[in-house]
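# Compute the structure for the input listed below.
(3 chains)
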Amino acid sequence: MTASVSAPQPTRGKLASSVSAEQLTEITELFQNRRLGYSLDSPFYTDPAVFALDMQAIFGTHWLFATSVAEIPEPGDYVTVDYGPYSLIILRTDDGGVNVLHNVCRHRGARVLTEASGSTGNLVCGYHSWTYSPEGELIHASTPGETKFDKNCFALKRAHGQIRAGLIFVCLAQEPPTDFDQVAEIFEPYLAPHDISRTKVAYQQNIIEEANWKLVMENNRECYHCDGHPELACSLFPTWGLSDESVPTHLEEVWKRNKQAQASLEERCRRYGIPFKVVEELDTRIAGIRISRESLDGDGESFSPDGHRLSKKLLGDLRDFRLGRCSMHLQPNSWFHFQSDHIITFAVFPINEHQTLVRTTWLVADDALEGEDYDLETLTHTWKQTNLQDKAFVELCQKGAASPVYEPGPYMLSEYQVEAFLNWYTQRVLEHLA
Amino acid sequence: MTASVSAPQPTRGKLASSVSAEQLTEITELFQNRRLGYSLDSPFYTDPAVFALDMQAIFGTHWLFATSVAEIPEPGDYVTVDYGPYSLIILRTDDGGVNVLHNVCRHRGARVLTEASGSTGNLVCGYHSWTYSPEGELIHASTPGETKFDKNCFALKRAHGQIRAGLIFVCLAQEPPTDFDQVAEIFEPYLAPHDISRTKVAYQQNIIEEANWKLVMENNRECYHCDGHPELACSLFPTWGLSDESVPTHLEEVWKRNKQAQASLEERCRRYGIPFKVVEELDTRIAGIRISRESLDGDGESFSPDGHRLSKKLLGDLRDFRLGRCSMHLQPNSWFHFQSDHIITFAVFPINEHQTLVRTTWLVADDALEGEDYDLETLTHTWKQTNLQDKAFVELCQKGAASPVYEPGPYMLSEYQVEAFLNWYTQRVLEHLA
Amino acid sequence: MTASVSAPQPTRGKLASSVSAEQLTEITELFQNRRLGYSLDSPFYTDPAVFALDMQAIFGTHWLFATSVAEIPEPGDYVTVDYGPYSLIILRTDDGGVNVLHNVCRHRGARVLTEASGSTGNLVCGYHSWTYSPEGELIHASTPGETKFDKNCFALKRAHGQIRAGLIFVCLAQEPPTDFDQVAEIFEPYLAPHDISRTKVAYQQNIIEEANWKLVMENNRECYHCDGHPELACSLFPTWGLSDESVPTHLEEVWKRNKQAQASLEERCRRYGIPFKVVEELDTRIAGIRISRESLDGDGESFSPDGHRLSKKLLGDLRDFRLGRCSMHLQPNSWFHFQSDHIITFAVFPINEHQTLVRTTWLVADDALEGEDYDLETLTHTWKQTNLQDKAFVELCQKGAASPVYEPGPYMLSEYQVEAFLNWYTQRVLEHLA
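Residues are numbered from 1 along each chain as shown, chains lettered A, B, ... in the order given. Predicted coordinates for the structure are as follows:
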C-alpha cells in the first residue's frame, strides 16, 4: 500500500481556546490524583473543558482511523469525517494514495464538500465556486479586478494521511508521531491476507451514542459485560481478558472449548503461514495497539449463531474459512474484526463531551453477490444488535458519571485493557500538557 | 409508620464544582442586595451556576418529598427519582420502611435500575451484573482471579429516607437537619385520618415545565393568579392569602361564602376530632411548612365543578365527605391536597436551570373501583388542567426573567407565601455558604 | 410620518453580564489584531461571550428595523419581536405613531403579550391581570389591602421607536444615536413614492438559520455568490459590486445590458422626479446606509423570471412599472427592495450565537386582490427560494468557522460591502467598549 503524507499549515492565533489556565490546572490535578485501577473522575466524562483538551491532546495529535480503501476504491472517491470540531475530506488519489484536506474553504470558511461521501474531480466550494485541485491547491477563484490576490496563499489546509493494509489513517498534528510506522509494520502481516483492497462495503451503520467518547472506548475494551450480548455470545468466546487462573466457574466449560479451538486455529494458521500471536502494546507506546487472531465458537468461521460463514466468498487469497477472528484495537478511536469471509471496522468520532458517533462498516469480497453469497440482514445482525446494546450500556454510565456521588470504580482483572486505555490516555494528555 | 434512616458515605473529591469562587462572590452579593418583598434577580432563574448552588445548598441539604407508600406499597417495590444530577432508588423494605440508594453502580457508574418504577429483590446492574442487596450491600460481583477485591468497600451509596404519614422523604446530606422530626409531628395528625397506606395510585401526570424550579414553587404559593384557573375556581375559594382587610370588592361575595363554609367545616372537624388550624412556619424554620384544613365551595367535598365527591369511597376511617381540603406546603419541593375521597401529591424535580419536572399523583381508597367508584377523567380533570395552566404561566416568567431589562417586581399581600418561600430559600443558601 | 420617541428607564444592577473582564480583554485584542480585508476570527461567529457583547454594543445601542406600518396599520395593532434576550411590543397608537414597550410584566416578569401579532386596547398580562395602557402605564392591578403600592412606579419599560417612510425602527439605548435622523432624511425621498402606508402584507416568511447573525448579514452584502441563486439571477443583474474594471469575462455581456438598462431607468426616474443615485455610507456613520435605485433585467419591473410585474397594481402614486428596484441596506439588521408593484422587507433577529431568525415580508398595494392582481406563489417564489439558498450557504460557514483550522479569508473587490459591514461592526463595538 502506498502512503501520501503532507505537512499541514499552522493555524492563525485566535481567542484563547475553551480551556482556561485555571481549568488546565484543575484537570492536571485530577490526572495526578488519578487512582490506578479505577475509572476516571466525573469531569473526564462530562466537562466541556476536558473535551476541548481531548480534541487537542488526543485527536489533534495522534494517528486516527478514518475509513478504508473499500469505501473510496477509485481515484476521486472521497468521504468526509468529523472529529469534534474538525471536518476532513479524505480523497483517493490517482496514484492510489490518499489526500486529507480540511473541509474549510479558504475564502469564507464554508464546508467545501457537504456530502458524507461521493466522487469528485476538482473540489468546488458551493458558496462562491472557489475550485481546488485534489491536492487542495486553489486553481480557480473568480477575482474580477483583483491585482494583489495570490492563489498560492489559499490552498486548502492539509492533514496527514496514510494507507496501511487498506486502512486509512489521518493525523491532524503538524508533526505526527513517528512510531505509527512500527505499529503498521506489526499489523500489516496480520491484515494483508484479508486484502481490503479486494473488498466492498456491504453495509454501514452510524449510531450516535449519548456518551463521552472515552466511555465508548472503555466499553469496547472488555468482555466482562458480554452476558449483555446474547447474539455475540454465540460465536465470540466470552472469555476475553481471562486466564487459567481467573476463569470463573460458570465459564470453565467454555474456557476448555475455547482453548481447544484456539489450539486448532493456531495449528491451521501455522500451516498457512498466517500470523496469530498476540501483540499487546496498548499503553507502552504512542500508537497503542493490540492485535491477535482468536478462535470463534461453533464452526469457528464467523460471527453467526453457529459460527458458520456469513458470506460464501473467501477474502483475498485465503483458502480456509476456519480462521476465527483477527481482532485489532488501536488507540484512540478504533477496533476491527477480520474474518475469512468479512471484515468489520469500527470508527469512533467524538461529537461533544456527551455525544459520540460510532460508525461500523461491514466489508465482503468485492465479487460476493448480495442475496446469493450473503444475506445482508444475517451478515450484519450480530454486531448491529451488539452495538445497540453497547449504546445502552454507555449511556447508563454517562448518566451515572454526572451524579455528584459518582466516584471512580475498580476495574476487574478481565478489564485490564480498559485500564490500559486510560493509562495510555493519561500519559498522552500529560505529555501534551508538558 | 416506621422510618429507616442510614448515614450516607462522603463523596470523593473531584474537579471544582461548576460554581467558581468568583461566581459565589457575585451570587452572595446578589443575596445581600436582595430587595425584600420583590422577586429575585434574573440570574436566580437563568444562571447555571445558581442552579448548581441550589443543588448543593437546597436539594443536597434538606429533606425532600419523593413519593408515597401508595406508589411502593409492597416490600421490593421501588421508584427512581432524579433531583438535578442526583438519581435515587427508593425501595420499600420488608419491615415497611424505606431504603434510599444512589442509583449509581459502584463499578463503572451505570444507572443500576433504569425503570421509573417496579418491583425487585436484589438490585442487579444491567452492565456487569453487580448485584446489591435491598440495603445496597454488594452481594455478588464476578471477580475471576481477583485477590484483593473487597466487596464491603463497594456498597451502593445511601441517602437518608423516612416515611411520615405515608409520605416518603429523602435527604442527600450526610447529616440531615433534625427539625424535620418536629415538622412531621405537626403534620401527622392532620394527614393520618386520610391513611395513605390504604390508598392506591389512580393516576400520575408528569409535566416538564420550561422554567426554573423556583418559579414553579413561587407560582404554587399564591392564588393571586387563580382567575387563570377556571376549573379550579369552581371548588377552590380564590381567596387564599387574603384577609378581611385585603379582600377586593369583586371577591367580597365569595369571601362571605368562604367564611361561612369555613365555620361549618371547623365545627365538623371539632366533632370528629380532626385538626384544622393553620400552622404556618414557612420561613421560620429549616423544614418550612404550612398546613391547614380549608373549606371548598359548593358541596365542599372535593375538587369537582360543584364541590361534590369525585370518588365514592371515603379514605381511611373518615365518616364524612364534607371535610374540604387539608392542604400542606413543604419547602422546598412539594405541596399536597388531602380530601375525604382522594389525595393529590405534587413533587417538584429540578432538571436544570430552565427545566423542571412536576409530578402529580392522584390517590384513591385502595378498594375504590375505577368506572364504578370514580371516573378517572373526572377525578383528574381539575388539576390536570390547572397544572397545564400553571406550566404556561411559569414559562412566560422564565422568558421574561431572561430579558436584560427585567427587574424584580413587588409581591402583593396575598403573595406573602411566595415571599416566605424566597425568604426561606435565601436564608438556607446563605447559611449553607457561611 | 409621525414619530413617537420616549426615554427608556435604566435597568437595575444585576449579576455580572455573561461577558467577563477577561473575555472582554481577549475580544478587544481580537479586534485590534483584525486583518483588514478578511473575514473575522472564529470566536466572532461562535462564542457566546461575543454574542452577549453584540447584544449590548450593537443591538442594545443602535436603531434597529423591526416592522412596517403595513403590519400594524390600525391603532391598537401590535407585533412582538425578539432581539436575542430582549422582547418588545410594537404598538400602533391612535395618533399614527408607535409605542415600543418591553414585553416584561413589572410584577413577576411574565411576557405580557404572547402572540406574534394582534390588536389590543389596554395590555393585560395573562398571569395576574396587571393592565397597562398602550403607553405602558400601569392602570390596573388588583392590590387588595395594599397601602404602599404606587402604580406609577410600575409602568412597562419603554424603548424608543419611530416611523420613517412607513418603516418602524426601535432603539433599546437610553440615548439613541442622533444621526439616524439624517439617514432617514436620506432614504425618505427614495421610499416615499412607494407609500408603504397604502400597502398590505401579502406574505411573511420566517426562517431560522443555524448561523451567527453576522454571517447572515455578510451573506446579504455581496452578490459574488449569486450563481447560487438561479431564480434571482433571472431579474437581478449579477453584477452587484462590480465596475468596468472588475467585470469578469463571463459577465461582460450582462454588464453591457445592465448599463443600458440602468441608463434607461435613470432617464425615466428623472422624468418622474424619483431619486435614484447611489448613496453609500455603510461604514462612515453610526447609522450605516446604502441606498440606490437599480435596473432589473428583462422587462425591468420586478423579481420575476422575465422581469415582468408580479402584481398588477402600482404602489402609491407611481405611474410606471419600469422602475427597477430601489434597494436599501441598513446596519445592523435589515435590507429592502422597493419595486413599483411590491415591496420586500428583510429583518434579522439574532437568537443566540449560532441561530438567527430572518423575517421576510412581501407588501402589495392595499387594493390588490390575491388571485386577481397577483398570484401569491408567483409573487414570493424568487425570494423564498433565494432565502433558502442563503440559509444553506451561511450554515456551511457557521460549521466551517468552528473548525480549529479556520482562519479569516480574503474578501474580493465585489465583496467590499461585506467588509464595510465588518468595518462598521468593529468601529461600533470598539466605540461601545471605549
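# Tell me, how many residues neighbour the closest residue to chain C within the stretch 301-434 of chain A?
In the stretch 301-434 of chain A, the residue that lies nearest chain C is A:N352 (11.2 Å; Cβ to the nearest Cβ). Placement of C-beta: from N, CA and C, glycine included. Using other Cβ atoms under 10 Å in any protein chain shown, A:N352 has 14 neighbouring residues.
# what does A:T378 give?
12.
# residues contacting the closest residue to A:W130 other than its chain neighbours?
In space, and not counting its chain neighbours, A:W130 is closest to A:A141: 4.7 Å by Cβ to Cβ, 6 or more residues apart in numbering or on different chains. Neighbouring residues of A:A141 by Cβ atoms under 8 Å, 6 or more residues apart in numbering or on different chains: A:H107, A:H128, A:S129, A:W130, A:T131, A:F149, A:K151, A:F154, C:M412.
# Double-check that A:I90 belongs to a strand.
Yes - counting by DSSP: H, G, I helix; E, B strand; the rest coil, A:I90 is part of a strand.
# The helix or strand bottoming out on mean pLDDT in chain A and chain B in contact?
Every helix and strand of chain A was ranked by mean pLDDT, DSSP states H and E. The lowest is helix A:21-32, at a mean of 88. Yes - Helix A:21-32 comes into contact with chain B (Cβ under 8 Å from any Cβ of the partner chain), by way of A:E26, A:I27, A:L30.
# Summarise which helices and strands that helix is packed against.
Secondary-structure packing of helix A:21-32 (3 or more Cβ pairs under 8 Å, 6 or more residues apart in numbering or on different chains; DSSP states H and E): helix A:43-46, helix A:48-54, helix A:416-433.
# now the second one: mean pLDDT?
Going back to what we said before, that points to helix A:48-54. Mean pLDDT, computed over helix A:48-54, is 93.
# which other residues reach the helix or strand following that helix?
Next along the chain after helix A:48-54, taking DSSP states H and E as the criterion, comes strand A:63-68. The contact list for strand A:63-68, computed with Cβ under 8 Å, 6+ apart, reads A:79, A:81, A:83, A:88, A:90, A:100, A:160-162, A:166-172, A:176-177, A:180, A:196, A:287, A:330, A:332-334, A:345, A:347, A:361, A:363.
# Would you mind telling me which of the helices and strands packed on helix A:21-32 is nearest B:E252?
With Cβ to Cβ as the measure, helix A:43-46 is the member of the helices and strands packed on helix A:21-32 nearest B:E252 (56.5 Å).
# from the chain's centre, how far out does that closest one sit?
Distance of helix A:43-46 from its chain centroid, counting by Cα atoms, centre = their mean, to the nearest Å, is 21 Å.
# With stretch A:214-225 instead?
Worked out by Cα atoms, centre = their mean, stretch A:214-225 lies 14 Å from the chain centre.
# what's the first-to-last distance across that stretch?
For stretch A:214-225, the first-to-last residue distance is 17 Å (Cα to Cα, to the nearest Å).
# before we move on, what about stretch A:192-205?
In stretch A:192-205, first residue to last residue: 24 Å (Cα to Cα).
# residue of the stretch 101-250 of chain A with the smallest distance to chain B?
Counting by Cβ to the nearest Cβ, the stretch 101-250 of chain A gets nearest chain B through A:S246, at 2.5 Å.
# any idea how far A:S414 is from that residue?
A:S246 is 7 Å from A:S414, where distance means Cβ to Cβ, to the nearest Å.
# A:A52 now?
The value you get for A:A52 to A:S414, if Cβ to Cβ is used, is 33 Å.
# neighbour count winner among these two?
In this comparison of A:A52 against A:S414, neighbours counted by other Cβ under 10 Å, the higher total goes to A:S414 at 26 against 20.
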